[in-house]
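Asks: Output the structure for:
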Amino acid sequence: QVPLVESGGGLVQAGASLKLSCVASSRIYSSKIIGWFREAPGKEREFVARIRWSTGVTVYADSVKGRFTISKHRHDTVHLQMDNLKPEDTAIYYCADTIDASTSPGSYRNWGQGTQVTVSS
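Replies: Just a heads-up that it's a prediction; the model follows:
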């Protein structure tokens, strides 16, 4: 399996928006669930959002609900649109895949290298 590749991070002010991309090396199978996670300094990796490729059904962490939107694009890409960013959203953002309806990082595979998101106050 080839790791997924994240991009789109950056340094923004509070209230701004960013759009992250997660690209697979080949077509994403319908059985897959793609998840976004984040890891802030000194904290454990935490679930942000996931999308089931076959149905488009999404799940969000309470901390981002109403501000972040996960979506599919083409046959190999998942986006994470992040609006109204807050300083507490500062972290390295990762994507990975699974076939389990899980929010646990341990259930996911093919982690990318991550993309840094920094939100200044």
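Asks: residue contacts, the residue nearest the centre of the chain?
Replies: Centroid-nearest residue in the chain: Trp36, 2.4 Å away (criterion: C-alpha atoms, centre = their mean). Trp36 makes contact with Leu20, Cys22, Val48, Ala49, Arg50, Ile70, Val78, Leu80, Tyr93, Tyr94, Cys95 under the criterion C-beta atoms under 8 Å, 6 or more residues apart in numbering. Every C-beta, even on glycine, is put in place using the N, C-alpha and C of the backbone.
Asks: want to try TSV for these, with pLDDT, distance to Pro105 and secondary structure as columns?
Replies: Below are the contacts of Trp36 laid out as TSV (pLDDT from 0 to 100; distance: C-beta to C-beta, whole Å; DSSP: H, G, I helix; E, B strand; the rest coil):
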residue	pLDDT	distance to Pro105	secondary structure
Leu20	98	17	strand
Cys22	98	15	strand
Val48	98	11	strand
Ala49	98	13	strand
Arg50	98	11	strand
Ile70	98	16	strand
Val78	98	16	strand
Leu80	98	16	strand
Tyr93	98	13	strand
Tyr94	98	9	strand
Cys95	98	11	strand
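Asks: Can you add distance to Ser7 and neighbour count and give these back as a markdown table?
Replies: Shown next, in a markdown table, are the contacts of Trp36 (distance: C-beta to C-beta, whole Å; neighbours: other C-beta atoms under 10 Å):
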| residue | distance to Ser7 | neighbour count |
| --- | --- | --- |
| Leu20 | 7 | 23 |
| Cys22 | 8 | 27 |
| Val48 | 16 | 25 |
| Ala49 | 17 | 24 |
| Arg50 | 19 | 25 |
| Ile70 | 15 | 24 |
| Val78 | 12 | 28 |
| Leu80 | 11 | 26 |
| Tyr93 | 10 | 23 |
| Tyr94 | 12 | 24 |
| Cys95 | 10 | 29 |
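Asks: Kind regards, and thank you for your time.
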